[in-house]
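**Student:** would you be able to build a 3D model of this:
(chains A, B, C and D)
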There are 2 protein chains.
Amino acid sequence: MNLRAPVTLLDVAQRAGVSVATASRVLNGGDRVPRPELQERVRDAAAALGYTPNAQAQALAKSSTNVVGILVHDIEDPYFAAIANGVMRAADERGLLVMMASTFRDADREIAYLSSLRAQRARAAVMIGSRRTDAEGLARTATEIEAFLNSGAGLALVSQSGMPAHTIEPANRAGAAELARRLVGLGLRKFGVLAGPEALATARDRRDGFIDGLAESGLEPVAVQAGEFTRDGGHAAALELLDSQADLDCLFAVNDVMAVGAMSALRGRGVDVPGELAVAGFDDIATLRDVWPGLTTVRLPLEQMGRRALELAIEGGDPETETFKAEVVLRESTPQR
Amino acid sequence: MNLRAPVTLLDVAQRAGVSVATASRVLNGGDRVPRPELQERVRDAAAALGYTPNAQAQALAKSSTNVVGILVHDIEDPYFAAIANGVMRAADERGLLVMMASTFRDADREIAYLSSLRAQRARAAVMIGSRRTDAEGLARTATEIEAFLNSGAGLALVSQSGMPAHTIEPANRAGAAELARRLVGLGLRKFGVLAGPEALATARDRRDGFIDGLAESGLEPVAVQAGEFTRDGGHAAALELLDSQADLDCLFAVNDVMAVGAMSALRGRGVDVPGELAVAGFDDIATLRDVWPGLTTVRLPLEQMGRRALELAIEGGDPETETFKAEVVLRESTPQR
DNA sequence: CCAGGCTCTGGGAACATTCCCAGGCTCTTG
DNA sequence: CAAGAGCCTGGGAATGTTCCCAGAGCCTGG
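**Tutor:** From the prediction side, this is the model:
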């Protein structure tokens, strides 16, 4: 309609012949509603003028917003996308606006974003993804988290314990252990583990859980190869293991993306999966359910976890840890029993 | 530090023994900088008190924000995630905050979010994903877009022409036509097209471009099967085609996700790819580069497109359309020459 | 018929910041 | 030595809302 015309509540009120207080009551807040005739006049005026409330001014006056933040390491990684999706759905249902940032795995960026969120007076934030255990960076993050919480906003962390905030924990250890049991049940014995970076708690937990699971049958992995937590990391680690001439019948990668990279590496070397070497992953990423051979993995309720994280974050209250259990899914990348 | 204590600029100024104007000059704006000694006093006071500027109040006073919005249909779809990733990187480089929403392919949600973004006085927005050509919904969206632009904010659309805003257009027709030529060059002749929904411009363009490309060799598709623009849509459409007993040697799906669904369907029916039936897709989704057999497809510079969309959006100016060209990538899902 | 109470509307302070403008100080130059 | 110029700082208006409080009008009950 009108070019570059910031229509204010005052404009609407004047056109409707009422006070700003009344106009505010009709259009926004619920205080107590004016008489129907006035309501109509105000609404008509607002429509005619093309009024849009200024969310900044509202936030300032109410000193609260309906913005929540999400911090992920990398939105292109389907693992984060799935959790973020759950958060967004839950936010949508509550009429909350989502401010999302990719930290690109950089602790400083993460801190900067959290600080921005605080400046925005965000109502809550959800941080997704396991922290690197670098003491100095960890301390700086902890300080910012504390500041964030002290500002009165809510916070929930997914996959990173040890912070004084709500925490969503996937059952990494238990899931990996169960996977190990099932694989042993399929007759596999000689395992190679494609572990992620040592510094990543999630990767460590899955690796350790798997080793524990094997131990129950008196087994231990033939080889453990660290690597990046990515497709390329899995690819490289698998080649490393192949070249080491280790005698293996199954590869366990600590996430699906790595497992897919590993399968690609095996294919390149002409190794048959699962005939010569079985492969298993972790996460059950939806986008990867159609790879062939279908990847045996451990399913995590990623969207659920995101939803719940948002709920906990806006709920506030005392820090609470919720564990989501994992479920083994056998597919064609491991031998059929 | 201090629990629930909203530290304001006034607090800082008083502690430093200066005026709020001076404190503001030191901590935020660049107006003109006060004398070094005062700067130090102010900075010390801010640090001691744990001051965080109130972004809402700043936005109100300056009547401009550093927030940009992204609207996607579904963040779990790697196509959108890849473009959104580009937008976020570009935003990060410029110190802009990103507010993202998934519309879940619902026009009303999209309109509501755009309106929220306007209320937030967002500096710009990027809308990703092709519009459905439903006249009524289209008109409502157009109205909101106009209102958004009139508020002085910038806007760029990815993959949807015909709106009075900056537009990023992937070369859907040209890319699909080139793919057709290359497939014909490989000796393929009997094509089945897994088209998306008729209402989706992107899907139509790819289908039509492919048909045009075939026509150059005097060919036309043996069958065209519409379906949802998703993995399941591709799966279902492929089964439909198989059941129709059409004589085919290649399937072209209008996006990679559908192609992967189709491959899964073929596998279920024991059809060898590419031996009995070749398959090709469109987009070259990174997460799907490791499927087997490797998917022949058309690569789009998705991250680049996102980056450029943000640039155009914050740049403003007269509506401009930029086309990004596509590149055919031959892999193992089609016969080797 | 009058007073009291209740409901509905309007005035205006408060929210935290920016930015214009004026005033005071110092330094320079005639 | 005095006047003028220029720079730095502070005061205060303005930004667009919300919400508290007071005042006005109407209805009801004594």
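**Student:** show me the contacts for A:Gln225.
**Tutor:** Remark: with contacts taken as C-beta atoms under 8 Å, 6 or more residues apart in numbering or on different chains, A:Gln225 is in contact with A:192-195, A:237, A:240-241. The C-beta positions use only the backbone N, C-alpha and C, and glycine is treated the same way.
**Student:** where along the stretch 101-250 of chain A do the helices fall?
**Tutor:** Across the stretch 101-250 of chain A, reading from the start of the chain, the helices by DSSP state H, counting those that start in this stretch fall at A:107-119, A:135-150, A:172-185, A:201-215, A:231-243.
**Student:** same for the helix or strand following the last one, what does it pack against?
**Tutor:** Okay, so that is helix A:231-243. Counting by DSSP states H and E, the element after helix A:231-243 in chain order, helix or strand, is strand A:250-253. Here strand A:250-253 touches helix A:172-185, strand A:191-194, helix A:231-243, helix A:256-268, strand A:278-280, going by 3 or more C-beta pairs under 8 Å, 6 or more residues apart in numbering or on different chains; DSSP states H and E.
**Student:** most neighbours, which of the contacts of A:Gln225?
**Tutor:** A:Leu194 (32 neighbours; other C-beta atoms under 10 Å in any protein chain shown).
**Student:** up against chain B, what does the stretch 101-250 of chain A have?
**Tutor:** A:101-102, A:104, A:109, A:115-116, A:118-121, A:147, A:150-152, A:231 (C-beta under 8 Å from any C-beta of the partner chain).
**Student:** 10 Å - rerun?
**Tutor:** Selection of the stretch 101-250 of chain A residues close to chain B by C-beta under 10 Å from any C-beta of the partner chain yields A:101-104, A:106, A:109, A:112-113, A:115-122, A:143, A:146-152, A:231, A:234-235.
**Student:** in the sheet, who's paired with A:Glu169?
**Tutor:** A:Thr323 (DSSP bridges).
**Student:** quick check: it touching A:Thr323?
**Tutor:** Yes. Using C-beta atoms under 10 Å as the test, A:Glu169 is close enough to A:Thr323 to be in contact (4.7 Å).
**Student:** these two - which one has more neighbours?
**Tutor:** Under the neighbour definition other C-beta under 10 Å, A:Glu169 and A:Thr323 were set side by side, and A:Glu169 has more, 18 against 12.
**Student:** mean confidence for stretch A:117-132?
**Tutor:** Stretch A:117-132 comes out with an average pLDDT of 91.
**Student:** that one spans what distance, first to last residue?
**Tutor:** End-to-end span of stretch A:117-132 (C-alpha to C-alpha, to the nearest Å): 22 Å.
**Student:** what about the stretch 101-250 of chain A, any weak spots by pLDDT?
**Tutor:** Per-residue confidence for the stretch 101-250 of chain A (pLDDT under 70) gives these ranges: A:133.
**Student:** can you tell me the residue of it closest to DNA strand C?
**Tutor:** A:Ala119 (8.3 Å; C-beta to the nearest atom of the strand).
**Student:** leaving out sequence neighbours, find the closest residue to A:Ser115.
**Tutor:** Setting aside the residues directly before and after it, A:Ser115 is nearest to A:Glu144 in space (C-beta to C-beta, 6 or more residues apart in numbering or on different chains), at 6.2 Å.
**Student:** count of neighbours near that neighbour?
**Tutor:** With other C-beta under 10 Å as criterion, A:Glu144 counts 19.
**Student:** thought it was touching A:Ile111?
**Tutor:** Yes. Proximity of A:Glu144 to A:Ile111 meets the contact threshold set by C-beta under 10 Å, at 4.7 Å.
**Student:** could you check the helix or strand hosting A:Val26 against DNA strand C for contacts?
**Tutor:** A:Val26 belongs to helix A:20-27 when elements are defined using DSSP H and E. Yes. Interface with DNA strand C: helix A:20-27 contributes A:20-22 (C-beta under 7 Å from any atom of the strand).
**Student:** for these, which one is nearest chain B?
**Tutor:** Distances from chain B to the residues of helix A:20-27 next to DNA strand C, taken as C-beta to the nearest C-beta, are shortest for A:Val20 (15.8 Å).
**Student:** which residues sit in contact with that closest one?
**Tutor:** Remark: with contacts taken as C-beta atoms under 10 Å, 6 or more residues apart in numbering or on different chains, A:Val20 is in contact with A:8-14.
**Student:** which non-adjacent residue is nearest it?
**Tutor:** Once flanking residues are discounted, A:Val20 sits nearest to A:Ala13: 4.6 Å by C-beta to C-beta, 6+ apart.
**Student:** so what touches the one helix or strand the one you found maps to?
**Tutor:** Element membership for A:Ala13, per DSSP H and E: helix A:9-16. Among residues not part of helix A:9-16, those counted as contacts by C-beta under 10 Å, 6+ apart are A:5, A:7-8, A:18-24, A:26-28, A:38-51, A:53-54, A:57-58.
**Student:** dig out what the residue nearest to A:Ala199 when sequence neighbours are not counted forms beta bridges with.
**Tutor:** The shortest distance from A:Ala199 to any residue other than its chain neighbours is 4.5 Å, reached at A:Arg132 (C-beta to C-beta, 6+ apart). Note on A:Arg132: beta-bridge partners by DSSP bridges are A:Leu200.
**Student:** now do A:Thr296
**Tutor:** Residues in beta-bridge contact with A:Thr296 (DSSP bridges): A:Ala280.
**Student:** wait, it touches A:Ala278, no?
**Tutor:** Yes. Taking C-beta under 10 Å as the definition, A:Thr296 is a contact partner of A:Ala278 at 7.4 Å.
**Student:** need the overlap of contacts for the two.
**Tutor:** Where contact means C-beta under 10 Å, 6+ apart, the residues bridging A:Thr296 and A:Ala278 through contact with each are A:183, A:186, A:250, A:252, A:332-335.
**Student:** follow-up on the earlier one: need the buried ones from the contacts of A:Val20 selected in PyMOL.
**Tutor:** Isolation of the buried members of those (16 or more other C-beta atoms under 10 Å in any protein chain shown) is achieved in PyMOL through the command below:
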select buried, chain A and resi 8+9+11+12+13
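**Student:** DNA strand D next: which of the contacts of A:Val20 are close?
**Tutor:** With respect to DNA strand D, and counting by C-beta under 7 Å from any atom of the strand, the subset of the contacts of A:Val20 in contact is A:8-10.
**Student:** DNA strand C contacts on chain A?
**Tutor:** Near DNA strand C, when you scan chain A using C-beta under 7 Å from any atom of the strand, you find A:17-22, A:32, A:34-35, A:38, A:57, A:60-61, A:63.
**Student:** okay, now the residue nearest to A:Thr297 when sequence neighbours are not counted: neighbour count?
**Tutor:** The shortest distance from A:Thr297 to any non-neighbouring residue, by C-beta to C-beta, 6+ apart, is to A:Gly281 (4.3 Å). A:Gly281 is flanked by 32 other residues according to other C-beta under 10 Å.
**Student:** close enough to count as contact, A:Gly281 and A:Leu251?
**Tutor:** Yes. Counting by C-beta under 10 Å, A:Leu251 is a contact partner of A:Gly281 at 9.3 Å.
**Student:** what touches both of these two?
**Tutor:** Contact criterion C-beta under 10 Å, 6+ apart; residues shared by A:Gly281 and A:Leu251: A:194, A:234, A:258-259, A:262-263, A:333.
**Student:** coming back round to it: can you tell me how far the residue of the stretch 101-250 of chain A closest to DNA strand C is from B:Leu27?
**Tutor:** When distance is defined by C-beta to C-beta, to the nearest Å, A:Ala119 is 12 Å away from B:Leu27.
**Student:** any common contacting residues for the two?
**Tutor:** Common neighbours of A:Ala119 and B:Leu27 (C-beta under 10 Å, 6+ apart) are B:Pro53.
**Student:** before we move on, back to that, and the residues of the stretch 101-250 of chain A next to chain B, which are buried?
**Tutor:** When those are checked for burial by 16+ other C-beta under 10 Å, the buried set is A:101-103, A:109, A:112-113, A:116-122, A:147-149, A:151-152, A:231, A:234-235.
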